[in-house]
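Asks: the sequence and its predicted three-dimensional model are supplied below.
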Amino acid sequence: FAAVAYAPILCIYLFRKARYLSDYAENVILTLYWLAFLVGICLVKADSVSNSRFVYACIILYFWFPYFVREREESQFTRIGAYNNDVSDTKGIMWPIFIVSTVAQLIWAVSTNQDISVPGHMTVFVVIALLLVFTDEDHEMFSLTWFILIAASFFMGFWVAEGNGGFAHVAQERWIVTDGELKGICLRPDDYQANLDVYNLVSEYVTEDDSLLVAFGSNSTGYINSDAKQGTYSVYARTQKNTKLLDYYEQHPENQADYVLIDESNSKYEDFTQGECGQYLLNTYTTEVARSGNFVLLSREGVQ
C-alpha cells in the first residue's frame with residue numbers, strides 16, 4: 001500500500017526536477033489518483049463491495065499524511081499569508097496521532113489474523129486529521145476533501161454493515177421487530193424471520209432457571225431474547241471448532257448448558273457436525289425440543 005500510495009508522489013517529485021508543476025496541478029493529480037484507486041479496489045470485488053473498500057482508500061490517505069503536513073520549501077515567489085504559527089502548531093499536534101496509530105496498527109496486524117482491513121480502520125483518525133489540515137490552511141485540496149466526505153457518507157451511511165458479516169444499502173426492504181429485545185429495530189426480511197424463529201424457541205421452551213448455549217455466535221440473539229443463564233465460558237464462542245468449550249465442561253460440569261440452539265443454515269454447520277465439539281454436542285444433546293425455521297433447540301437427556 002505504501003508503494004501504491006507514493007507512486008504518484010514520486011512521479012510528481014521527478015517531474016518537478018525537470019520542469020515546473022503548480023500545487024494546483026499536483027492536487028488535481030493526487031485527487032484523481034485517489035478516486036481511481038477507490039473505484040479500482042471496488043471493481044476488484046464488485047460482487048461484495050463493503051466498508052473495507054473505503055478503508056483501503058483511507059490507507060492511501062494515511063500514507064500521504066507525512067507528505068501533506070511536511071514543511072514545504074519556500075519558492076522563489078512569496079505567497080502572503082500562506083504560512084502561520086497556528087497551522088504549524090496544528091500539524092505538530094497531529095504527528096502524535098499518526099505515530100500512535102502506526103504503532104497500534106503494527107501491533108494489531110502481527111498479533112491477530114484480522115489481515116489489514118480491521119487495523120486499517122484506525123487510519124480513519126488520521127484521515128480526519130488530514131481533513132482538519134485541509135480546512136485550516138489554504139491547501140487547495142477542497143476537491144479531495146469533498147470526495148472523501150462523499151465516500152465516507154456512502155460506505156458508512158448508505159452502504160452499511162448488516163447481517164452476519166454482510167452489507168446492504170439502507171433503501172432495501174426492512175421489517176420492524178415488534179417483540180423481544182430487538183423490538184423497534186428494522187431488519188431485512190431474512191434477518192427478521194431468523195430473529196423471530198429464535199425468539200419463539202427461547203421464549204417458549206427455555207426458562208430463567210435453565211442454561212442455554214448458542215452454537216453459533218452469529219445467532220447470539222438467542223442470548224439477548226432469553227432470560228436463561230449462559231451455558232458457555234464466553235459470550236462469543238466459535239463452537240463449530242472451539243474445543244475449549246469441552247475443556248470448560250470437563251472442569252465445570254455443573255455449568256453445562258441444559259439446551260443448545262443450533263442454526264442448521266449457518267455456513268459453518270457442516271464443520272460443526274464433523275468437528276470434535278460438534279460431535280460431542282450432537283451426541284450429548286439428543287432430544288429435539290422444537291424447531292422453528294432453520295433453528296433447532298436440543299436438550300440433554302433428562303432435562304425437562
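Replies: Yep, it's here.
Asks: number of residues surrounding Ala3?
Replies: A count of nearby residues for Ala3, using other CB atoms under 10 Å, gives 8. Bear in mind the C-beta positions are built from the backbone N, C-alpha and C, glycine included.
Asks: swap in Tyr13?
Replies: Under the criterion other CB under 10 Å, the count of neighbours that Tyr13 has is 13.
Asks: also Thr273?
Replies: Other residues lying near Thr273 total 14 when counted by other CB under 10 Å.
Asks: swap in Val44?
Replies: 10.
Asks: can you tell me how far it is from Glu204?
Replies: Applying CB to CB, to the nearest Å, one obtains 46 Å for the distance of Val44 from Glu204.
Asks: how far away is the closest residue to Asn294 other than its chain neighbours from Gly231?
Replies: The spatial neighbour of Asn294 that comes closest, neighbours along the chain excluded (CB to CB, 6 or more residues apart in numbering), is Ser265 at 3.8 Å. Separation of Ser265 from Gly231 (CB to CB) stands at 22 Å.
Asks: which of those two has more neighbours?
Replies: It is Gly231, of Ser265 and Gly231, that has more neighbours when counted by other CB under 10 Å, with 21 against 13.
Asks: just to check, Ile185 is in contact with Val177?
Replies: Yes. In terms of CB atoms under 8 Å, Ile185 counts as a neighbour of Val177; the distance is 5.2 Å.
Asks: the residue nearest to Asp263 when sequence neighbours are not counted: neighbour count?
Replies: For Asp263, ignoring the flanking residues on the chain, the nearest one in space by CB to CB, 6+ apart is Asn219 at 4.8 Å. Asn219 is surrounded by 21 other residues when neighbours are defined as other CB under 10 Å.
Asks: in terms of pLDDT, where does the closest residue to Ile9 other than its chain neighbours sit?
Replies: Residue nearest to Ile9 in three dimensions, not counting chain neighbours: Tyr67, with 5.8 Å by CB to CB, 6+ apart. According to the per-residue confidence, Tyr67 scores 86 in pLDDT.
Asks: still on that earlier bit, so for Ile185 and Val177, which residue has more residues nearby?
Replies: Looking at Ile185 and Val177 with other CB under 10 Å, you find the greater number of neighbours at Val177, namely 19 against 14.
Asks: list the residues that contact that one.
Replies: Contacts of Val177 were listed using CB atoms under 8 Å, 6 or more residues apart in numbering, and they are Lys183, Gly184, Ile185, Cys186, Leu187, Tyr192, Asn195, Leu196.
Asks: gap between the last one and Leu35?
Replies: Here Leu196 is placed at a distance of 43 Å from Leu35 (CB to CB).
Asks: okay, the two: which has more neighbours?
Replies: It is Leu196, of Leu196 and Leu35, that has more neighbours when counted by other CB under 10 Å, with 21 against 15.
Asks: the more buried one in helix, strand or coil?
Replies: Secondary structure, DSSP: H, G, I helix; E, B strand; the rest coil: Leu196 is helix.
Asks: before we move on, what about Tyr24?
Replies: State at Tyr24, reduced to three classes by three-state DSSP: helix.
Asks: how far away is it from Phe142?
Replies: Between Tyr24 and Phe142 the distance is 11 Å, computed by CB to CB.
Asks: look at the two and report which has more neighbours.
Replies: Per other CB under 10 Å, whichever of Tyr24 and Phe142 has more neighbours is Phe142, with 13 against 9.
Asks: my read: the more buried one touches Phe134, true?
Replies: Yes. At 7.1 Å, Phe142 and Phe134 qualify as touching, with contact defined as CB under 8 Å.
Asks: next SSE after the lengthiest helix in the chain?
Replies: With secondary structure taken from DSSP state H, the chain has its longest helix at helix 85-111. Past helix 85-111, heading to the C-terminal end, the next element that is a helix or strand (DSSP states H and E) is helix 123-136.
Asks: ok but the residue nearest to Ile9 is inside a helix, no?
Replies: Yes. Remark: Tyr67 belongs to a helix, assigned using three-state DSSP.
Asks: just the helices from the chain, written as ranges.
Replies: Counting by DSSP H, residue ranges of the helices within the chain are 2-18, 23-44, 51-68, 85-111, 123-136, 142-153, 189-205, 221-224, 244-251, 269-274, 276-284.
Asks: for the second one, output the C-alpha coordinates as PDB.
Replies: Output of helix 23-44 as PDB, limited to C-alpha atoms (Å, rounded to 0.1, in the frame of the first residue of the first chain):
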ATOM      1  CA  ASP A  23       0.500  23.000  -6.500                       C
ATOM      2  CA  TYR A  24      -3.000  23.100  -8.100                       C
ATOM      3  CA  ALA A  25      -1.900  20.600 -10.700                       C
ATOM      4  CA  GLU A  26      -0.400  18.400  -8.000                       C
ATOM      5  CA  ASN A  27      -3.600  18.400  -6.100                       C
ATOM      6  CA  VAL A  28      -5.700  17.500  -9.200                       C
ATOM      7  CA  ILE A  29      -3.300  14.600  -9.900                       C
ATOM      8  CA  LEU A  30      -3.500  13.200  -6.400                       C
ATOM      9  CA  THR A  31      -7.300  13.600  -6.200                       C
ATOM     10  CA  LEU A  32      -7.800  11.800  -9.500                       C
ATOM     11  CA  TYR A  33      -5.400   9.100  -8.400                       C
ATOM     12  CA  TRP A  34      -7.200   8.500  -5.200                       C
ATOM     13  CA  LEU A  35     -10.600   8.300  -6.900                       C
ATOM     14  CA  ALA A  36      -9.100   5.900  -9.500                       C
ATOM     15  CA  PHE A  37      -7.800   3.700  -6.700                       C
ATOM     16  CA  LEU A  38     -11.100   3.700  -4.800                       C
ATOM     17  CA  VAL A  39     -13.100   2.800  -7.900                       C
ATOM     18  CA  GLY A  40     -10.500   0.200  -8.900                       C
ATOM     19  CA  ILE A  41     -10.500  -1.500  -5.500                       C
ATOM     20  CA  CYS A  42     -14.300  -1.700  -5.600                       C
ATOM     21  CA  LEU A  43     -14.300  -3.200  -9.100                       C
ATOM     22  CA  VAL A  44     -11.900  -5.900  -7.900                       C
END
